[in-house]
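Undergrad: could you look at this predicted model? Sequence included:
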Amino acid sequence: MIQKSVSIPAMSGALHQGILSPSVSHARFAIGDVVRHRLFEFRGVVFDVDPVFANSEEWYQAIPEDMRPAKDQPFYHLFAENNDSSYIAYVSQQNLVHDESDELVDHPAIAGLFDSYADGRYRLRREHRQ
């Protein structure tokens, strides 16, 4: 069963894919959780978690400096939706909150990874559970 809060031990300050990892990252959200962005009008379902920033430097630098999140926090891959479309989003923990609407997320990739929805979270299909 996937826990709501996950502690991910680091490699004692070792370099991993060019990133010096913190001693411990605490992920507030788990795979299947429905979340909402704090600043922008979109919501989504978590389908992967990076303990620290793991995207390109070009992507990071494209974020306006006054809004750029710290890299040393969990980042979440989301099946996201807004009023216009569905897409994949990559969002820092500081910019996410739990979505309390209890509404399903309308993204075409959800059915391939999750099989049911209850209490604000999607459940992984059996073949994707460890």
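TA: Arrived safely, thanks for sending. Numbering: from 1, shown residues only.
Undergrad: so for this structure, the centremost residue is which one?
TA: The centre of the chain sits closest to Tyr76, judged by C-alpha atoms, centre = their mean, with a distance of 1.9 Å.
Undergrad: any idea which element that one lies in?
TA: Using DSSP states H and E, Tyr76 sits within strand 75-81.
Undergrad: what number of residues lie near the closest residue to Asp115 other than its chain neighbours?
TA: Spatial nearest neighbour of Asp115, chain neighbours left out: Arg125 (4.6 Å); criterion: C-beta to C-beta, 6 or more residues apart in numbering. All C-beta spots, glycine's among them, are computed from the backbone N, C-alpha and C. Arg125 has 13 neighbouring residues, counting by other C-beta atoms under 10 Å.
Undergrad: wait, Arg38 sits on Val97?
TA: Yes - using C-beta atoms under 8 Å, Arg38 is in contact with Val97, at 5.8 Å.
Undergrad: where does pLDDT dip in the protein?
TA: By pLDDT under 70, the low-scoring segments of the chain are 1-25.
Undergrad: how about the helices in it?
TA: Using DSSP state H, the helices found in the chain span residues 57-61, 110-113.
Undergrad: need the ones you listed in TSV (columns: distance to Asp50 and mean neighbour count).
TA: TSV is the format used below for the helices of the chain (distance: least, C-beta to C-beta, whole Å; neighbours: other C-beta atoms under 10 Å):
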stretch	distance to Asp50	mean neighbour count
helix 57-61	13	10
helix 110-113	17	15
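Undergrad: ok, which of those helices comes nearest Ile31?
TA: Closest to Ile31 of the helices of the chain, according to C-beta to C-beta: helix 110-113, at 8.7 Å.
Undergrad: what is that closest one packed up against?
TA: If contacts are counted by 3 or more C-beta pairs under 8 Å, 6 or more residues apart in numbering; DSSP states H and E, helix 110-113 sits against strand 121-124.
Undergrad: dump the helices of the chain into a markdown table; add distance to Asp72 as well.
TA: Below are the helices of the chain laid out as a markdown table (distance: least, C-beta to C-beta, whole Å):
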| stretch | distance to Asp72 |
| --- | --- |
| helix 57-61 | 13 |
| helix 110-113 | 28 |
